[in-house]
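Asker: model this:
(one chain, ligands or ions: 2)
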Amino acid sequence: MSTATVPPLNGSVGASSSQRRPVARFLQDEIQDGHLHPYMNGHSNGNGADSDSQLSDSGSTTSSTANGSRLRRPAMSRKASSPMAPTFMVSAPGKVIVYGEHAVVHGKAAMAAAISLRSYLLVTTLSKSQRTITLNFRDLGLKHTWDIDALPWDVFHRADKKKFYYSLVTSLDDELVEALEPHLKDVSIDIPEEQRKPHVRSALAFLYLFCSLGSPQSPGAIYTLRSTIPTGAGLGSSASVCVCLSSALLLQIRTLAGPHPDQPPDEAETQIERINRWAFVGELCIHGNPSGVDNTVSAGGKAVFFKRTDYEKPPTVISLPTFPELPLLIVDTQQTRSTATEVAKVLSLKKAHPVVTESILDSIDQVTCSACQLIETPDFDGTSDETMSHFGTLIRLNHGLLVSLGVSHPRLERIRELVDYADVGWTKLTGAGGGGCAMTLLRPDAKPEVIQELKDKLASEGFNKYETTLGGDGIGVLYPAVLRNGSDEEGGEEIDQQKFEEAEGHIGIEQLVGVGFHEKREGWKFWKRAAA
Ligand SMILES: Nc1ncnc2c1ncn2[C@@H]1O[C@H](COP(=O)(O)OP(=O)(O)OP(=O)(O)O)[C@@H](O)[C@H]1O
Ligand SMILES: C[C@@](O)(CCO)CC(=O)[O-]
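Answerer: Ligands and ions are numbered 1, 2, ... in the order given. Here you go, the predicted model:
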């Protein structure tokens, strides 16, 4: 077991405040050691401990102190010009929350596992003369280009605002969000307002991270994202996108070490933590009040116990290496919803009925802790009938409690009804609910023909089923973006912008670059969490 801090597993930790941090106006409507990345030799903004420094005309560097005075330092020896970084990719998984969604936003425990559905981000560096960044979120139909020199660097790099690659940022800075507003007003301007909102939130997440981690010297680049995770379905699509953005930007500024196969686990853990911290900031932009469990499991992979009682401090994260490969059936209601809206619903319920709501959240906490205690027993057998039945009962209880919180949906209840009727397992909603996905833990003794009948019935009623395995790798890097792929190209097949954009659907993405179902695909490398 690897722990960040040691938590009590009895659910006795007091509630944390979830009514925190105001965010800027337009979001209110819904609710040290600088390791150099060994691969990178492109332009660096040097967003390390001295990263607010600027190369001055005289060749010395200047930086602001906290009281605003300017210091002069000898110039760092920098190459006059450095070669362009090659095109590279990063990829991060989605997740299922096995127990504890919503309660985790209110300081209770959750257990979550990475899945084999993943997002993939291709970063194409532009030539030195092209001073633009383009965000190409192809699945959303969002494509927007900004002029790097026009971004609000003066505000982001002010001494009282400046954050570093290792900073722990727990809330958005209203002034920074406001400084970005003019740069968001033209994003997807031609589409209806309701569809436009998620585009603006995505663009905000990207720009907030870019301006926090980058600098006016950052190279021009195109960031193209494609994902096999359904959007807004409870499988952690937003977190995986944020983990991709955070890791790509940290790699570009050369602040990550590895990943490489013989990297000491604690060093790998440090890199995962840095990526995770900035991914959380992206999640703050996209859904306002995240607990951080989604980005944590997406960044580190496999399965975790997660609890955050104090938002000013890092959460408790316990890696669960013995987490079993549960036989899960994941079914999508095809009813999209926003996590922000569902989280806001629970907050209003808590305001209206504080005592009752708190006791439901406490019960969810106890469900999660019971599952965790079982996993941690020394003779734990993840495949025994007894274990399945214990997990199953907890899944049923957890769903009932989520229904009481008001985050289920008639389509989710229909899935549960069909599974209960076939008597093949235990069902709960997973993720934010309000639509999205249900997960069913299949009984080990369920007859294959009955399961098949159920699947047919679900398909005939318009439900979509996902084939996914639990507990895969977290963030991965393909540097440069070249894969063997059985091609004739010398040195392998280069994944360029056009090939990546033209890959057809989820199958095409998987075939071209996927690591979800080919964990050992040559070229991809992963930071591995410490296992014990
Ligand atoms: N394929 C994608 N490309 C770009 N952005 C995406 C993609 N999928 C999701 N996103 C971002 O994530 C948002 C959806 O996040 P939301 O938190 O509502 O759902 P989710 O993460 O899928 O569900 P949950 O939080 O319950 O796991 C989108 O509005 C968009 O900002
Ligand atoms: C609903 C929620 O608990 C899980 C979403 O996957 C929100 C969060 O933890 O941020």
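
Asker: CA only for contacts and neighbour counts going forward, please
Answerer: OK.

Asker: How about the lengthiest strand in the chain and ligand 2, touching?
Answerer: In the chain, assigned by DSSP state E, the strand with the most residues is strand 110-125. No. Residues of strand 110-125 contacting ligand 2 under Cα under 6 Å from any ligand atom: none, with a closest distance of 8.2 Å.

Asker: Report the mean confidence score over the next helix or strand along the chain from that strand.
Answerer: Once strand 110-125 ends, the next helix or strand along the chain (criterion: DSSP states H and E) is strand 132-137. Strand 132-137 shows a mean pLDDT of 98.

Asker: Each with direction, which strands does strand 132-137 pair with?
Answerer: strand 142-147 (antiparallel), strand 221-227 (parallel) (DSSP bridges).

Asker: Residue numbers of the stretch 351-500 of the chain in contact with ligand 1?
Answerer: 431-432.

Asker: all helices for the stretch 351-500 of the chain, in order.
Answerer: 354-376, 385-405, 410-422, 448-460, 497-502 (DSSP state H, counting those that start in this stretch).

Asker: got the phi/psi numbers for residue 177?
Answerer: phi -60, psi -40 (degrees, to the nearest 10).

Asker: Hmm, it is touching residue 208, no?
Answerer: Yes. With contact defined as Cα atoms under 8 Å, residue 177 and residue 208 form a contacting pair (7.4 Å).

Asker: on that earlier part again, now the helices of the stretch 351-500 of the chain as TSV including distance to ligand 2 and mean neighbour count?
Answerer: Listed next are the helices of the stretch 351-500 of the chain as TSV, based on distance: least, Cα to the nearest ligand atom, whole Å; neighbours: other Cα atoms under 10 Å:
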stretch	distance to ligand 2	mean neighbour count
helix 354-376	11	20
helix 385-405	10	19
helix 410-422	15	17
helix 448-460	23	14
helix 497-502	27	14
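
Asker: Compare the ones you listed and give me the one nearest residue 91.
Answerer: Of all the helices of the stretch 351-500 of the chain, helix 497-502 sits nearest to residue 91, with 13.2 Å by Cα to Cα.

Asker: Next, the residues that contact the helix or strand following that closest one from outside, please.
Answerer: On the C-terminal side of helix 497-502, the closest following helix or strand by DSSP H and E is helix 505-513. With contacts defined as Cα atoms under 8 Å, 6 or more residues apart in numbering, helix 505-513 is touched by 226-228, 483, 485, 495, 500, 503, 516-517.

Asker: Tabulate these in JSON lines, adding columns for pLDDT.
Answerer: Shown next, in JSON lines, are the contacts of helix 505-513 (pLDDT from 0 to 100):
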{"residue": "226", "pLDDT": "98"}
{"residue": "227", "pLDDT": "97"}
{"residue": "228", "pLDDT": "95"}
{"residue": "483", "pLDDT": "87"}
{"residue": "485", "pLDDT": "70"}
{"residue": "495", "pLDDT": "92"}
{"residue": "500", "pLDDT": "96"}
{"residue": "503", "pLDDT": "95"}
{"residue": "516", "pLDDT": "72"}
{"residue": "517", "pLDDT": "71"}
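
Asker: who in the chain is up against ligand 2?
Answerer: 101-102, 104-105, 234, 236, 290-294, 343, 431-432.

Asker: ok, now with 5 Å
Answerer: 101-102, 290-291, 431-432 (Cα under 5 Å from any ligand atom).

Asker: between these, which has the most around it?
Answerer: Each of the residues of the chain next to ligand 2 was scored for neighbours by other Cα atoms under 10 Å, and residue 101 scores highest at 31 neighbours.

Asker: pretty sure that one contacts residue 112?
Answerer: No. Counting by Cα under 8 Å, residue 112 is not a contact partner of residue 101; they are 9.0 Å apart.

Asker: For the residue nearest the centre of the chain, pull up the helix or strand it's in.
Answerer: With distances taken as Cα atoms, centre = their mean, the chain has residue 239 as the residue nearest its mean C-alpha position (2.2 Å). For residue 239, the element it lies in under DSSP H and E is helix 237-252.

Asker: okay, now the domains of this protein?
Answerer: The chain breaks down into these domains under automatic domain parsing: 2-18+26-36+83-319+471-526, 328-466.

Asker: Report the separation between the two terminal residues of the shortest one.
Answerer: This points to domain 328-466. Terminal residues of domain 328-466 are spaced 10 Å apart (Cα to Cα, to the nearest Å).
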